[in-house]
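In: Return a 3D structure for these sequence lines:
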Amino acid sequence: MSTGPTIGLALGSGGARGLAHAGVLQALEETGIRPDFVAGTSMGSIVGGLYAQDPSPDRVWQRLLAYVENPEFASYWTPFVPRDEQEGREPGNRLSGVFDFMQRKLIAVKTVTRPYQLDADRLRGPLTNLFGPVDFADLEIPFAAVALDLIAGEKVIFDTGPVVEGVYASSAIPGIFPSLEAGGRVMCDGGGPFRVPVDACREQGADLVIAVDIPAFEDTHLGTGMDMILRSNTVARQRLNDFVLAGADFVIRPDVTDYHWADFANGAVARERGYLAGKAAVGELRDLLRWRNSLAYRARRATRRLLRLETD
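Out: A predicted model of the protein is given here:
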């Protein structure tokens with residue numbers, strides 16, 4: 001009896017845009033493609049962890065909705081979403097526009113005067129309610145959450161112990177939430193250098209990695225030196241991400257760049273964009289899976305292995 005390749009699904013970071021992962025999962029499920037391993041970074045770790053716990057895209061989405069539509073959760077992110085400039089100039093909105101402006105200025109001041117802006121419980125509490133007291137060993141699909149060790153500059157893979165600990169570390173945005181400190185490490189959101197955890201899937205044993213890349217670029221007004229510094233950093237991270245994605249076998253990119261990374265109010269639209277991207281990709285993905293499961297491909301791999309052994 002023939003068996004297909006071991007499939008790893010790498011879900012990238014992206015904030016609210018990362019809710020597109022739920023739509024991609026729905027498209028893959030409808031096609032009959034279910035991963036053997038899942039790895040996620042930041043929002044990808046939240047969606048991936050839920051899917052690994054209960055591999056039903058519909059139930060994953062319902063749980064995500066309850067998570068992001070909680071009024072307290074939404075209040076954390078509202079100040080980060082820029083208001084429309086024209087809307088802010090309208091007389092009826094001027095006062096709220098001034099308030100938003102002051103909030104953003106306060107965020108900027110806090111960022112450079114303290115290590116974080118929100119207590120750990122603001123993130124850990126909702127995650128605990130979302131996942132419950134579950135360990136990685138209890139999940140239906142093997143799963144890894146990827147974080148960054150700020151001290152060593154290395155990737156940290158969480159695949160044992162409480163799921164909430166790993167997902168918290170993977171989602172703790174630097175400067176917003178406290179890092180997770182343990183074993184001499186200071187661990188935070190891995191979305192900078194490890195935006196799409198392709199390597200983590202390989203390390204779990206995946207033969208074929210499907211990467212879901214949530215684009216980081218958005219329209220930027222380069223009006224200040226800080227705007228230019230941030231844009232330069234975004235370009236650098238994108239170049240690194242392109243290098244990482246070259247190691248994936250298949251990449252799905254939902255079109256969500258017209259939504260702000262902190263705008264969770266557009267979660268349903270992001271999910272729909274993810275679904276459309278997934279459906280558009282399934283034909284080519286099926287062809288790839290068919291080829292990887294063919295006798296011709298297996299013969300080629302066996303020949304290459306033999307040649308490597310002879311040259312060693």
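In: residue boundaries of the helices in this protein?
Out: 20-31, 43-53, 57-68, 71-77, 85-89, 94-113, 121-131, 163-171, 198-204, 225-245, 267-292, 295-311 (DSSP state H).
In: which residues touch stretch 175-185?
Out: Contact with stretch 175-185 is made by 111, 115-120, 122-123, 147, 149-152, 156, 165, 168-169, 171-172, 186-188, as judged by CB atoms under 8 Å, 6 or more residues apart in numbering. Every residue, glycine included, has its C-beta placed from N, CA and C.
In: Can you give me the pLDDT of Ser170?
Out: We have a pLDDT of 96 for Ser170.
In: In contact with it, which residues are there?
Out: Neighbouring residues of Ser170 by CB under 8 Å, 6+ apart: 40-42, 45, 145-147, 158, 189-190.
In: Check the spacing between it and Pro5 real quick.
Out: Ser170 sits 26 Å away from Pro5 when distances are taken as CB to CB, to the nearest Å.
In: got it, and Gly125?
Out: Applying CB to CB, one obtains 39 Å for the distance of Gly125 from Pro5.
In: the more surrounded of these two?
Out: Shown here are Gly125 and Pro5; by other CB atoms under 10 Å, Pro5 has more neighbours (18 against 14).
In: any idea how far that one lies from Leu25?
Out: 19 Å.
In: swap in Ala206?
Out: 17 Å.
In: Looking only at neighbour counts, state which of those two leads.
Out: Neighbours of Ala206 and Leu25, each counted by other CB under 10 Å, are more numerous for Leu25; the result is 31 against 25.
In: Not counting residues beside it along the chain, what's closest to the more buried one?
Out: Excluding the flanking residues, the one nearest Leu25 by CB to CB, 6 or more residues apart in numbering is Pro57, at 4.2 Å.
In: So the one you found is in contact with Tyr51, correct?
Out: Yes: at 7.3 Å, Pro57 and Tyr51 qualify as touching, with contact defined as CB atoms under 8 Å.
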